[in-house]
Structures are given as structure tokens and as C-alpha cells.
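S.K.: What would the 3D arrangement of this be:
(one chain, ligands or ions: 1)
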Amino acid sequence: MTNSAELDKYHAEREALIAEDRALRRDHTRHAPSDAEARADQVIRNIRAEEAATIWKAEYPDILHPFPGMEFLNGRSIIMKTKLFKILHKMPKGALLHSHLDATVNAAHLLKFALEHPALHVKVPTTLTTASLKSILPVFQALPKEEYSSLTSLSDSPDQWVPLTSARNNFPQEFGGPEGFDNWVISSMTINPNEAYGTHNTITKIWEKFTSTFVVSTGLIRFAPIFRPYIKEFFLTSVDDGISYVEPRVNFLYKGMYGADGKHTVTHRDVLKMFDEVCNEVKEQMKAEGREHAFIGARIIYSTIRFMTPEELVWYTEDCIALKKEFPHLIAGFDLVGDENELKPLMYYLDVLLKFKERQKEEGVDIPFIFHAGETLGDGTEADKNLYDAILLGTKRIGHGFSLVKHPKLMEICREREIAIEVCPISNEILRLTSSMPMHPLPIVLNHGVPVALCSDDPSVFGNMGLTFDFFQVFVSSEVTGLIQLGELARDSLKYSTLDEETKKLAIEEWEKRWAGFVEEVAGLGA
Ligand SMILES: O=c1[nH]cnc2c1ncn2[C@@H]1O[C@H](CO)[C@@H](O)[C@H]1O
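M.R.: From the prediction side, this is the model:
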């Protein structure tokens, strides 16, 4: 038998080693938890443990071998049954710092908006058959009145515009009638489990499907009478999930949008005006409802896609500067989006990006880069090396940074310069960078003291609306992470936002108040 003094010594050393190992984590560097926080943390850990042993161990006829943190599209219905999900839904989440605006509103909802507009038309490239239905994508567009079509069904003739409502009402019975139409359209704008984990189970294939969802939805969203309620819906559903501020990436690739008259005359300037108006409307609404600070606002990360030539990119950088000058409060940053594995690396645009910085100085504006980088499994590939360039170019945060953990020096730089990583757990899993949350590198990033904001990325495509699902997946996949860490993630999302100092202070104070209330409520569950 080891004597008790030796055992005590071992235990003390063990505790000290663990503490040292975790010393860089946000939940260790902050002040000690309050009494209420400590109790709430214990309550929520108990619920997690209990549900791991019950709900996640049960048999479900169509969900084999479930486990906490399992692939989201298969586990979603179980997640929604848990107590934990209901609790996390109430948590104040802070800011949503990484989302693509054109993938933020539930697809069924978007279709509903669309059906209200006679200007909207739909066509298909080839004749629909039962066999081809799954692979044929609908194309949507608003038309001017003089071009409205008198066709009544998509089966009349391919490649011809049909009014959206008629196409839906007369969708052939063999394809399921109007309900079949809805299912067909919605599945063209979303990823289902069979695609993610079956037919498209590689990064290249899932990106093909993923990209195609944007080609479909853009025809509906790029229509001003839909764009307005669309943004409003995004803001309101975010607020409903406890998000008080959003910083979406808005894709300005297309140089315009369709107006109510079906003409392609809505400019980027008009888009910003609409965005501003809706933002103010929602703030007013919150005020009227007596919860003025539930929505602090929204700012835009100007984005275009990394497939154009450097010469073409110049137009966008100048456009971005012009918009920043007119709407300084709305333009938060600049990014290049799209599949890093397939498209151009940041290096390809180096000249233009450096020139862009010079031009900003000349014009007296400051538009931080907030680059996507390292959203890849590659090791030393162009996509992986985007991380070096994002950092050298002074990126304020890093979108995804999935491959960051391979780079000790870059981890150190991110920690020291406080370059926050916008981690999108569910997106990474569905886009096949990881097969489930327990394999995700997030704990490595947290343990190295690199600041993180959890984000949803493309919730309308993935079905992870709000931030609750992403917080859930993270929380159930780690024994180290407790309530305090979740709180730190939310607080950091506000801290590393581009809000001006005064507004940020207000946003964090408001968050602290809500957090205290949330903590009391959770602690009370254990009483
Ligand atoms: O996770 C992502 N990484 C990189 N690009 C993305 C991601 N999600 C969406 N987009 C890109 O954003 C555009 C729509 O605004 C789409 O073209 C899509 O490729």
C-alpha cells in the first residue's frame, strides 16, 4: 500500500498539472465563478450527464447508435428533445460573427415570402421526370409586368418562365402536387442527411451540392420586396435565439438586384439603405416591446467570391470603399468567400489587397479584413496557407481557421494579437471536415487560449438556425467545457465584434445583465 502522504502528494501534483494545462483557457483566466454560476454550472453538467446516459443511449428506429455530438443532421431530432437544448435556447449568446446573409432564413419561410409575389417566376432547364426531379434545380427570377408568362405548368415546356404560384398549384400529381413542389424547392436549398453522409460524402461533392443551394436561393433573395422581409426575419429569429448583434457577410458578387417592378435596377447602395432601414425598424420594434437592447444592431462584412481575376476584384474594393464612405456605420469589414480548396488563394489577390489598404488610407476609411482562411483538411495546401496570408494582411478575425491547430506559431500569434477564430462547428461537420463534434479541433484552440466565437455559418442550408444548436454540439462534446466556458464564448463574440467601443460597452453590459438572469434561472433548476 502506498502511504497516504505519498498519495496526497500525487493528488496535489496531478491537480497542479491539470490546472497548468488548462491555464490558458478563458474559463480559467477570468475571475472565479460567482456562487450562482458555480451552482448553475453543476446543474447543467448534471443534466448533460443524465441525458448522455438516457436520451443518447436510447434506441430509435431510424437513428442508429446515437451519441452526444453525433452528426447533426441525424441527431437533430434527438437534440430537440433534450432539456439541455431548451435551456441553451434561453442563453444570451452575444454576437453572431460569421454567417452568410443569403443562408440565414429558413428555406420554407423564404418560399412562403416568394409565393406572395406575382412577379416571381420559375423555370427548369430540362423536362422534369420522376427520376430527374432530385437533380434538376429550379431557377427563380422576378420579371417586369410586360414579361409575365401565361404558362401554367412547369411540364408545359422546359426553359420557359412559369409564374411561381401557377407552377406550384399545377405541379404534377406524380411529383406530389403542390406539396411535392414545396419539398422539391426546399430540398434544392438545403442539405439532407442522405447527401451529407451518403451520396455527397466527400468535401468536393458536398461543396458542389452546397454551392448549388445558393444558385437556387439567390433568385428569390435578390428581389427587393423579398430582401426586406428576409433581413427582418433574420434579425428577429436571431433575437429570439438570444443573439443581440449580427455581423453577416453579404455577398456583393452580383452588381444589382431586382426591384418591385421586376427590373434589375437595385444597386448596392439601395441594398445598404434597405439594410439600414430594416435594422432601425427592428430596433424600434424592440423598444416598443420594452426590450430596447435585445437587438444592438447589425453590420455588414462586404464579401465577394474568390474566383474572379485580380483585375475584376478591383471593382469590388472600390465599390466597398464608396459604400464605406456613405454608410460608415454599416460596413464592418471585407472578405473573400467560397470553397478555399477549389478557388483562388489570398496570394493570388495580394497586389489588389495591398493596394486596397493604400486606397483606404487615401480615402480616409478603415475597412478591416475579416478573412475566411484554413477551412480545409489540407496540410500545406493553398487553402491551409491562406492562414499565413490572412495574418500577414492583418486580418481582424479568422473565418473558420479549421487548420489553424497545425500551426504552433500562428496559434501563438492569434493568442497574442487576439485574432479571434470564428468557429462554425456544425458547418464544419456537414461540409465534411469532421465526422462528428468529438473529432473537432475546437478544444485545441480553446486550450491554447486563442479567442473563439461560435458561429452558425449557413443555418438555412444546414438547419442550425440561431446559435443554440452550435452551442449544444460544443457543450455535449467536452467534459472540460461547462457553463462558464459557454458564457466566455458569448462574451468574446461581443468583445471581438467590430462594434465601436461605446456600443460594445453597452452591448457587453446588457449581456452581463441577461447572463446573470440566465444563471439564476439555471441554478434554480437544481433547487
Ligand atoms: O463556409 C463557407 N466558407 C466559404 N464560403 C462560404 C461558406 N458558406 C457560404 N459561403 C459562400 O458564400 C456565398 C454566399 O454568400 C456562396 O457562394 C458560398 O460559396
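S.K.: Contacts only, for the closest residue to the ligand within the stretch 201-350 of the chain.
M.R.: As assessed by CB to the nearest ligand atom, the ligand sits closest to Asn251 within the stretch 201-350 of the chain, at 3.4 Å. Where you see a C-beta, it was placed from the backbone N, CA and C, and this is true even at glycine. The contact partners of Asn251, taken as CB atoms under 8 Å, 6 or more residues apart in numbering, are His100, Leu101, Asp102, Ser303, Thr304, Ile305, Val337.
S.K.: Please name the residues that touch the last one.
M.R.: The contact partners of Val337, by CB under 8 Å, 6+ apart, come to His100, Arg249, Asn251, Ser303, Thr304, Ile305, Arg306, His372.
S.K.: The last one and Leu336 touch, don't they?
M.R.: Yes. Distance between His372 and Leu336: 6.9 Å, which falls inside the contact criterion (CB atoms under 8 Å).
S.K.: Where do the strands of the stretch 301-450 of the chain begin and end?
M.R.: Assigned strands in the stretch 301-450 of the chain, in chain order: 331-337, 371-373, 397-400, 420-423 (criterion: DSSP state E, counting those that start in this stretch).
S.K.: pLDDT on the third one, on average?
M.R.: Translated: strand 397-400. Taken as a whole, strand 397-400 has a mean pLDDT of 98.
S.K.: Which elements pack onto that strand?
M.R.: Applying 3 or more CB pairs under 8 Å, 6 or more residues apart in numbering; DSSP states H and E, we find strand 397-400 packed against strand 371-373, helix 382-392, strand 420-423.
S.K.: And the contacts of it?
M.R.: With contact meaning CB under 8 Å, 6+ apart, strand 397-400 is reached by 97-98, 335, 370-375, 387, 390-391, 404, 414, 419-424, 427-428, 453, 496.
S.K.: and those near the ligand, which?
M.R.: Under the cut-off given by CB under 6 Å from any ligand atom, the ligand has His372, Glu375, Ser427 from these close to it.
S.K.: So which of these is the closest to His329?
M.R.: Here the nearest of these to His329, counting by CB to CB, is His372; it sits at 23.8 Å.
S.K.: per-residue confidence at that closest one?
M.R.: For His372, the model assigns a pLDDT of 98.
S.K.: That one - how many residues pack around it?
M.R.: His372 has 25 neighbouring residues, counting by other CB atoms under 10 Å.
S.K.: who's the spatially closest residue to it that is not a sequence neighbour bridged to?
M.R.: Among residues not flanking His372 along the chain, Gly399 sits closest, at 3.7 Å (CB to CB, 6 or more residues apart in numbering). Note on Gly399: beta-bridge partners by DSSP bridges are His372, Glu422.
S.K.: Roughly how far does Gly399 sit from Gly374?
M.R.: Applying CB to CB, to the nearest Å, the value for Gly399 to Gly374 is 9 Å.
S.K.: tell me the contacts of the residue at minimal distance from the centre of the chain?
M.R.: Nearest to the geometric centre of the chain sits Asp457, at 1.8 Å (CA atoms, centre = their mean). Shown in contact with Asp457 (CB under 8 Å, 6+ apart): His98, Ser99, His100, Ala103, Cys424, Ile426, Ser427.
S.K.: The residues you listed in helices, which ones?
M.R.: Residues of those located in helices (DSSP state H): Ile426, Ser427.
S.K.: Can you say which two of the contacts of Asp457 are spatially most distant?
M.R.: Using CB to CB, the contacts of Asp457 span at most 13.7 Å, a distance reached by His100 and Ile426.
S.K.: Which of the two has more residues huddled nearby?
M.R.: Using other CB under 10 Å, the more surrounded residue of His100 and Ile426 is Ile426, with 27 against 21.
S.K.: show me the contacts for the more buried one.
M.R.: Contacts of Ile426 (CB under 8 Å, 6+ apart): Phe72, Ser456, Asp457, Phe462, Asn464, Phe469, Asp470, Gln473.
S.K.: can you pull out the strands in this protein?
M.R.: 94-96, 120-123, 139-142, 162-163, 243-246, 249-251, 297-298, 300-305, 331-337, 371-373, 397-400, 420-423, 452-454 (DSSP state E).
S.K.: circling back: determine the number of other residues adjacent to the residue nearest to His372.
M.R.: Using other CB under 10 Å, Gly399 has 28 neighbouring residues.
S.K.: Likewise for the one 4 residues further on?
M.R.: Around Ser403 sit 25 other residues, with neighbours defined as other CB under 10 Å.
S.K.: measure it to Gln360 for me?
M.R.: 29 Å.
S.K.: which parts of the lengthiest helix in the chain are buried?
M.R.: In the chain, assigned by DSSP H, the helix with the most residues is helix 501-525. Within helix 501-525, the residues scored as buried using 16 or more other CB atoms under 10 Å are Lys504, Ala507, Ile508, Glu510, Trp511, Arg514, Trp515, Phe518, Val519, Val522, Ala523.
S.K.: Tell me which residues touch the residue lying closest to the fourth one once chain neighbours are set aside, please.
M.R.: Right, Glu510. Of all residues not flanking Glu510 in the chain, His293 sits nearest, at 4.2 Å (CB to CB, 6+ apart). Counting by CB under 8 Å, 6+ apart, His293 touches Ser244, Met286, Leu506, Ala507, Glu510.
S.K.: Backbone dihedrals for the closest residue to Ser155 other than its chain neighbours, both of them.
M.R.: Among residues not flanking Ser155 along the chain, Pro172 sits closest, at 5.7 Å (CB to CB, 6+ apart). For Pro172, the backbone dihedrals (degrees, to the nearest 10) come out as phi -50, psi 140.
S.K.: how close does Pro172 sit to Asp156?
M.R.: Relative to Asp156, Pro172 is positioned 11 Å away (CB to CB).
S.K.: Could you do Leu393 as well?
M.R.: For Leu393, the distance to Asp156 (CB to CB) stands at 52 Å.
S.K.: do the same with Val266
M.R.: For Val266 relative to Asp156 (CB to CB), the value is 30 Å.
S.K.: between those two, who's got more neighbours?
M.R.: Neighbours per residue (other CB under 10 Å) separate Val266 from Asp156, with Val266 holding more: 20 against 14.
S.K.: quick one: contacts for the residue nearest to the more buried one when sequence neighbours are not counted?
M.R.: Spatially, and ignoring its direct neighbours in sequence, Val266 is nearest to Met257 (3.8 Å; CB to CB, 6+ apart). Listed by CB under 8 Å, 6+ apart, the contact set of Met257 reads Arg222, Phe223, Ala224, Phe227, His264, Val266, Asp270, Val271.
S.K.: same thing with Val105?
M.R.: Here Val105 is in contact with Tyr230, Glu233, Phe234, Thr237, Ser460 (CB under 8 Å, 6+ apart).
S.K.: try 10 Å this time
M.R.: 113, 217, 220-221, 226, 229-234, 237, 459-460, 465 (CB atoms under 10 Å, 6 or more residues apart in numbering).
S.K.: do the same with His407
M.R.: Counting by CB under 10 Å, 6+ apart, His407 has contacts Gly374, Asp384, Lys385, Leu387, Tyr388, Ile391, Gly401, Ile413, Cys414.
S.K.: Next, format those as TSV and append distance to Phe327 and neighbour count.
M.R.: Listed next are those as TSV, based on distance: CB to CB, whole Å; neighbours: other CB atoms under 10 Å:
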residue	distance to Phe327	neighbour count
Gly374	30	27
Asp384	35	23
Lys385	34	20
Leu387	30	27
Tyr388	32	16
Ile391	28	20
Gly401	28	31
Ile413	32	16
Cys414	30	26
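S.K.: What parts of this protein come near the ligand?
M.R.: 100, 102, 211, 214, 251, 305, 337-338, 372, 375, 427, 457-458.
S.K.: What is the burial count for Asn192?
M.R.: Asn192 has 15 nearby residues by other CB under 10 Å.
S.K.: any idea how far Pro163 is from the closest residue to it other than its chain neighbours?
M.R.: In space, and not counting its chain neighbours, Asn192 is closest to Leu73: 6.8 Å by CB to CB, 6+ apart. Distance of Leu73 to Pro163, computed by CB to CB: 33 Å.
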